[in-house]
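Undergrad: need a structure here:
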Amino acid sequence: MRAKSGTIHSKRRARTLKDAKGFRGARHRQYRMAKQSVVKAGVHAYNSRRQLKRQMRALWIVRINAAARLHGLSYSRLIHGLSEKGVALDRKALADIAFGDPLAFKTLCESAR
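TA: Okay, the predicted model is just below:
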């Protein structure tokens with residue numbers, strides 16, 4: 001006869017139900033529904049971690065473009081000019097400088113011309 005109340009069996013189910021904590025309705029009470037919900041939540045979490053990287057890069061580009069246009073440059077011309085001058089700043093650092101230190105960003109714009 002198959003053992004249905006063993007420790008490994010019950011611990012696995014308890015872990016799944018713990019992961020489903022906060023889900024609505026039967027999704028946090030019933031194991032069968034909780035298991036499906038936890039797997040799907042994991043898929044969404046995996047995809048969202050990758051989407052966040054894309055969204056942050058897009059935000060940095062918008063900030064750099066807005067700051068560059070204040071100094072009479074477009075984003076593409078700024079990036080091209082900086083790469084020609086050999087300035088090795090990534091978009092995250094450029095956006096941080098544009099947001100936090102406008103004077104330093106102005107000098108970067110001047111060097112990109």
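
Undergrad: Okay, buried residues for the top helix by length along the chain please.
TA: Longest helix in the chain by number of residues (criterion: DSSP state H): helix 31-70. Going by neighbour count (16 or more other C-beta atoms under 10 Å), the buried part of helix 31-70 is Ala34, Lys35, Ser37, Val38, Trp60, Arg63, Ile64, Asn65, Ala67, Ala68. Where C-beta positions appear, they are placed from N, C-alpha and C, glycine not excepted.

Undergrad: Quick check, pLDDT for the closest residue to the fourth one other than its chain neighbours.
TA: It refers to Val38. Closest residue to Val38 apart from its sequence neighbours, by C-beta to C-beta, 6 or more residues apart in numbering: Asp19 at 4.6 Å. According to the prediction, Asp19 has pLDDT 96.

Undergrad: ok, now Ala88?
TA: For Ala88, the model assigns a pLDDT of 87.

Undergrad: so it, which of the three states?
TA: Three-state assignment for Ala88 (DSSP: H, G, I helix; E, B strand; the rest coil): coil.

Undergrad: ok so, going back, would you list the buried residues of helix 31-70 in CSV and tack on distance to Ala104 and pLDDT?
TA: CSV is the format used below for the buried residues of helix 31-70 (distance: C-beta to C-beta, whole Å; pLDDT from 0 to 100):
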residue, distance to Ala104, pLDDT
Ala34, 52, 97
Lys35, 53, 96
Ser37, 48, 97
Val38, 47, 97
Trp60, 16, 97
Arg63, 14, 95
Ile64, 13, 95
Asn65, 17, 95
Ala67, 11, 93
Ala68, 13, 94
